[in-house]
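# what shape does this take:
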Amino acid sequence: MLNNNLKYCREELEMTQEELGFVFGVSRKTVTGWETNQDPMPLPKMIKFSNLYKYSIDYVMGLRRKNDNYIEINKLNKKQVGSNLKRIRNKLGLTQQQIADECMITQPTYSGYESGKFLVTSLALYTICYNHKLSIYEIIKD
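Got it, this is the predicted structure:
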């Protein structure tokens with residue numbers, strides 16, 4: 001489960017859930033789900049939040065305790081993200097099945113992430129980074 005700081009960031013910005021929902025075109029209930037981890041915030045929206053308000057994505061997702069490594073992400077390239085996932089998995093000496101098991105997803109789903117067929121979910125990305133002490137930037141960078 002994500003240990004996110006989204007609620008803290010929103011409150012620090014003095015925004016209501018309704019206001020944040022308006023920014024992303026979603027309901028207050030959706031924002032509540034993101035903040036309580038009932039429904040992880042989609043990765044593109046998390047990156048948009050990070051860029052709009054200059055919060056490190058590692059901080060927003062709860063991988064870091066301080067907001068001290070903000071890097072703007074201009075574009076999410078799912079092929080490049082997949083290539084980065086594969087490179088990191090190989091460096092760790094793990095199989096696709098092992099990573100899939102960690103993320104509680106199927107191996108074909110994980111394979112789709114590595115091939116760039118699908119964009120990795122924020123929950124799978126968090127799990128990989130948390131388990132292996134990685135920065136999200138290592139995986140989503142171009």
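
# buried residues in the helix or strand encompassing residue 87?
Residue 87 belongs to helix 78-92 when assigned by DSSP states H and E. Burial within helix 78-92, assessed by neighbour count using 16 or more other C-beta atoms under 10 Å, is assigned to 78, 81-82, 84-86, 88-89. Any C-beta I mention is one placed from the backbone N, CA and C, and that applies to glycine too.

# same check, this time on stretch 11-25
Neighbour-count burial for stretch 11-25 [16+ other C-beta under 10 Å]: 15, 17, 20-21, 24.

# ok, and what's touching stretch 132-142?
43, 47, 57-58, 61, 63, 69, 71, 73-77, 80-81, 84-85, 88, 92, 120, 125-126, 128-129 (C-beta atoms under 8 Å, 6 or more residues apart in numbering).

# quick one on the thing from earlier: make CSV from the buried residues of stretch 11-25 and add distance to residue 5 to it.
As requested, the buried residues of stretch 11-25 are exported to CSV (distance: C-beta to C-beta, whole Å):
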residue, distance to residue 5
15, 14
17, 15
20, 13
21, 18
24, 17
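
# looking at the residues you listed, which is nearest residue 6?
Checking those against residue 6 with C-beta to C-beta, the nearest one is residue 20 at 8.5 Å.

# my guess is that closest one meets residue 30, correct?
No. The criterion here is C-beta atoms under 8 Å, and residue 20 misses it with residue 30 at 9.5 Å.

# break the chain into its domains for me.
The chain is divided into the following domains under automatic domain parsing: 6-60, 78-140.

# take the ones you listed and write them to CSV, including mean pLDDT.
Below are these laid out as CSV (pLDDT from 0 to 100):
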stretch, mean pLDDT
domain 6-60, 94
domain 78-140, 97
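
# point to the residue nearest the middle of the chain.
Nearest to the geometric centre of the chain sits residue 122, at 3.5 Å (C-alpha atoms, centre = their mean).
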